[in-house]
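> For reference, the sequence and a predicted model appear below.
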Amino acid sequence: MYPHLLAPGRIGTMELRNRIVLSPMETMYGTPEGHPSPRTVAHFARRAEGGAGLLTVGATGIDPRHPETPGGLQIGEDAAVAAHRRLVEAVHAHGARVQPQVVHAGPDGLGPEMFGVTSLGPSVIGSYLTGRPSAAVTKEQIGAVLDRYRAAVVRVREAGYDGLELHAAHGYMFLGSFLAPQRNRRTDRYRGTSPEGRARVLLEALTAIRTEVGPDFPLTLRISGYERVAGGRPIWDTAAMAPLLVEAGVDAFHVSGGVIDRLVTGMVNAADDGDGLNVGGAAAVREVVDVPVIAVGRLHDPDLAERVLAEGRADFVALGRPLLADPDLPRKLAGWGGGRVRGCISCESCIDTLEEKLATECAVNAFTGHDLDRVVAAGPARRVVVAGGGPAGLETARLASAAGHTVSVLEAGDRLGGALHDACAVHPENRPYLDWLLGEVAGLDVRLGVTADLATVRELDPDVVVVATGGRVDLPDLPGADLPHVVAGVHPAQVPEGRRVVVVGGRMAAVEWAEVLARAGRLVALLHTGPEIAPEAGAKRRTEHMDRLDRLGVTVHTGCAVHAVTGTGVRWTPTHGTPRDLPADAVVLAGEVVADPSVRDALAAGLPGVDVRVVGDAAGLGLIRGATAGAAELVAGLASSP
């Protein structure tokens, strides 16, 4: 089905088993010294086992005193080589090729904060991460940085890597910031006002690298096709530079897009940014050079990736989030291993967990970053009863069955999926995940229309009961809540009537429902008593929602007081304001999801000696990522628990 995607390929002297490249992504799994940790090695070995052709290790620094992130990797000292070699050997054991993305953090590193050194950039510009300004690098300092590139690439070869990727994209770090007119304000031969000046330091870096590794070591250049920012490089700029870069030693181009900001807004794109949004830039480069081009950016659908290759728009495709969601995607497409692909749902959890936990995790794949500590292994076979057929229950059921346990799922309703059905209505990217879950539990003992009461569960004689019955929606106790134009809870199948709608509540479901209503032509106001909307989401996802609300004309108020629903609207007090009335034809009381221990308590009391656990929203609102993480930890623990 995928003759182009699965065809062997070549970058320079490097032979690859297919055209699927793991995109370089920051994980922050490294040791405090910036060396690959056992967690790092396991992460890449798992993607190699899954069948990708080439794995690119995310930003790997050439100067230990200028890290881009805490826990980021570096190969700027001899002591790092052994750990990198272990990573390479683990990847090679599964037949994949691997290269590091070699970088100098330039103006965007944490050197000032962590080591007291001054960041270096083309000009005095602020770090996207901290805002701290860099110094304008001198010509002598440029020479010293190039010497570090020389030394680092020698270590790359010593570690056994199959090639390297040089980072010069997104208008940041050392090389990328020189290429960015909005950051490069120099007036010397590296000046930002001409293409030749902007590219000069990159050409010098390529020359420096080639003097150390020779002409036969594969070198890929990560570069932005179009950076989509005011004052940035024009859309044709990369294609115009590309032939010169090939002459300087580039064996392949990895064409991305966008520029860096605090939430990587234009680099890691949301669902409504569209698919394949960097393909045009990749195709433009491919039209002017005779070396391979790698396209990247929302190529989540394998059919789209195949089409990009079949149409000659690129020679390889780089997948980032899809291989976090399902490391076995390549082998599944090739028919090496059974099962259906578990797709990325564009929830941004991988980015948000970098901010929250300083480590990448995935909402739909709880084993991303946890290959070593969430091991679902066969143990003594248990009789497991799962109460509830939502995402937490289904994930628990499929994992427990795969581990050899006997599983029964009791669902009180007439369909599986629970609250995920409503989540699909407001975020359609959830639908493939729901369909995947349903397919995974096909063939298990699933009983619809059966409540997990004490008598029913006792009859099944379980060793373990997993309560996944979901949370309880607490509605605000407001005068007028019983009026006919009030909808209690978020129910996508129950669309309020009338032109003006007030949504009271700020949880994720309330925000997404407000967006859906606004797209349907309603005039929507969102009133939330808390300090920020969607508090259960991270900063990137929350910001994307704010952008959508803004585009849709939804008015948003936080920190307000809601006093009552009236026959014509809502009585409320805005922050620092006075009481007033907000007109509404319909009012949605979204409520808040809270833990509901009632089922667990009843079963635990009536089944002494039975291990009763709780996962998902029954333990408190945790979204999909909480459901899958809880299920994985629970099932992993069954092998070791008595």
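Arrived safely.
> what about Arg191, how many neighbours?
17 (other CB atoms under 10 Å). For glycine as for every other residue, the C-beta is placed from the backbone atoms N, C-alpha and C.
> I'd say it and Gly197 touch.
Yes: the pair Arg191 / Gly197 is scored as a contact, 3.7 Å apart, by CB atoms under 8 Å.
> which residues are common contacts for these two?
Common contacts of Arg191 and Gly197, defined by CB atoms under 8 Å, 6 or more residues apart in numbering, comprise Asn184.
> Next one: Arg19 relative to Asp216, how far apart?
According to CB to CB, to the nearest Å, Arg19 and Asp216 sit 22 Å apart.
> of these two, who's got more company?
Arg19 (27 against 10).
> and stretch 356-365, which residues are buried?
By neighbour count on 16 or more other CB atoms under 10 Å, the buried set for stretch 356-365 is 359-365.
> wait, I meant stretch 498-517
For stretch 498-517, using 16+ other CB under 10 Å, the buried residues are 500-517.
> got it, and stretch 57-74?
Quick answer for stretch 57-74 (16+ other CB under 10 Å): 57-69, 71-74.
> Return the subset of those residues lying in strands.
Members of the buried residues of stretch 57-74 lying in strands (criterion: DSSP state E): 57-61, 73-74.
> and which of those is nearest Val201?
Gly61 (17.1 Å; CB to CB).
> Tell me what the closest one is bridged to.
Gly61 forms beta bridges with Gln74, Val103, as assigned by DSSP bridges.
> quick one, what contacts it?
Counted by CB under 8 Å, 6+ apart, Gly61 has contacts 34, 67-68, 72-76, 103-105, 109.
> Could you save those residues as TSV and add columns showing pLDDT and distance to Lys540?
Formatted as TSV, those follow (pLDDT from 0 to 100; distance: CB to CB, whole Å):
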residue	pLDDT	distance to Lys540
Gly34	96	24
Pro67	92	21
Glu68	90	17
Gly72	90	18
Leu73	97	22
Gln74	97	25
Ile75	98	28
Gly76	97	29
Val103	98	22
His104	97	25
Ala105	96	21
Gly109	93	21
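> Spatially, which two of those residues are the most separated?
Spanning the widest gap among these are Ile75 and Gly109, at 15.0 Å by CB to CB.
> what about the strands in the stretch 201-350 of the chain?
Applying DSSP state E, counting those that start in this stretch to the stretch 201-350 of the chain gives strands spanning 219-226, 252-257, 293-296, 316-319.
> To Gly343, which of the ones you listed lies closest?
Here strand 316-319 is closest among the strands of the stretch 201-350 of the chain (CB to CB), at 11.0 Å.
> What strands line up against that closest one, and which way round?
By DSSP bridges, strand 316-319 pairs with strand 20-22 (parallel), strand 293-296 (parallel).
> May I ask you to confirm that Ala136 is in contact with Ser123?
Yes: if you go by CB under 8 Å, Ala136 and Ser123 touch, sitting 5.2 Å apart.
> Give me the most central residue, the protein.
Residue closest to the average C-alpha location in the chain (CA atoms, centre = their mean): Cys350, at 3.2 Å.
> which residue packs closest to it, ignoring adjacent ones?
Thr360 (5.2 Å; CB to CB, 6 or more residues apart in numbering).
> ok, now Gln99?
Gly163 (4.3 Å).
> can you pull the contacts of the one you found?
11-12, 14, 97, 99, 217-220, 251.
> how far away is it from Thr27?
Counting by CB to CB, the gap from Gly163 to Thr27 is 20 Å.
> before we move on, what about Val102?
On the measure of CB to CB, Val102 and Thr27 end up 17 Å apart.
> do the same with Leu6
26 Å.
> higher neighbour count, those two?
Thr27 (27 against 21).
> mind listing what that one touches?
Counting by CB under 8 Å, 6+ apart, Thr27 touches 40, 43, 58, 71, 359-360, 369.
> name the element it belongs to?
Using DSSP states H and E, Thr27 sits in no helix or strand.
> Phi and psi next, for it.
When quoted as degrees, to the nearest 10, the phi and psi of Thr27 stand at phi -120, psi -30.
> Could you check the pLDDT of Ala377?
Model confidence at Ala377, given as pLDDT, is 84.
> can you check Thr56 too?
In this model, Thr56 is scored at 98, pLDDT.
> That one and Gly390, how far apart?
36 Å.
> ok, now Cys362?
Cys362 is 19 Å from Gly390, by CB to CB.
> What of Ala518?
From Ala518 to Gly390 the distance is 27 Å (CB to CB).
> which residues of the chain score low on pLDDT?
641-642 (pLDDT under 70).
> okay, now Thr558: neighbour count?
15.
> quick one: stretch 424-438 to chain centroid distance?
Offset of stretch 424-438 from its chain centre (CA atoms, centre = their mean, to the nearest Å): 17 Å.
> What ranges does the stretch 201-350 of the chain have for its helices?
237-247, 279-286, 302-310, 321-325, 329-334, 349-357 (DSSP state H, counting those that start in this stretch).
> re earlier: do you know how far the residue nearest to Gln99 is from Leu323?
When distance is defined by CB to CB, Gly163 is 19 Å away from Leu323.
> one step back: among the buried residues of stretch 498-517, which ones are in helices?
Judged by DSSP state H, the buried residues of stretch 498-517 include 508-517 as members of helices.
> Any chance of these in CSV with distance to Ala564 as columns?
Listed next are those as CSV, based on distance: CB to CB, whole Å:
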residue, distance to Ala564
Met508, 26
Ala509, 23
Ala510, 19
Val511, 23
Glu512, 26
Trp513, 22
Ala514, 21
Glu515, 26
Val516, 26
Leu517, 22
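> Pick the one among those residues closest to Val289.
Distances from Val289 to these, taken by CB to CB, are shortest for Glu515, at 42.0 Å.
> mind listing what that closest one touches?
426, 545, 548-549, 552, 554.
> Let's see which of the residues you listed end up in helices.
With helices defined by DSSP H, the entries of the contacts of Glu515 inside them are 426, 545, 548-549, 552.
> Just the buried residues out of those, in PyMOL syntax.
Buried residues among those (16+ other CB under 10 Å), as a PyMOL selection:
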select buried, resi 426+545+548+549
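> Might one say that Leu203 is in contact with Gly249?
No: look at Leu203 against Gly249 with CB under 8 Å: they stay out of range, at 9.3 Å.
> Looking only at neighbour counts, state which of those two leads.
Comparing Leu203 with Gly249 by other CB under 10 Å, the one with more neighbours is Gly249, at 21 against 16.
> residues contacting that one?
Counted by CB under 8 Å, 6+ apart, Gly249 has contacts 206-207, 209-210, 215, 219.
> Restricted to buried residues, select the residues you listed in PyMOL.
To isolate the buried ones among the contacts of Gly249 in PyMOL, judged by 16+ other CB under 10 Å, type:
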select buried, resi 206+209+210+219
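> Return the closest of the contacts of Gly249 with respect to Ala468.
Nearest to Ala468 among those, with distances taken as CB to CB, is Leu219, at 49.9 Å.
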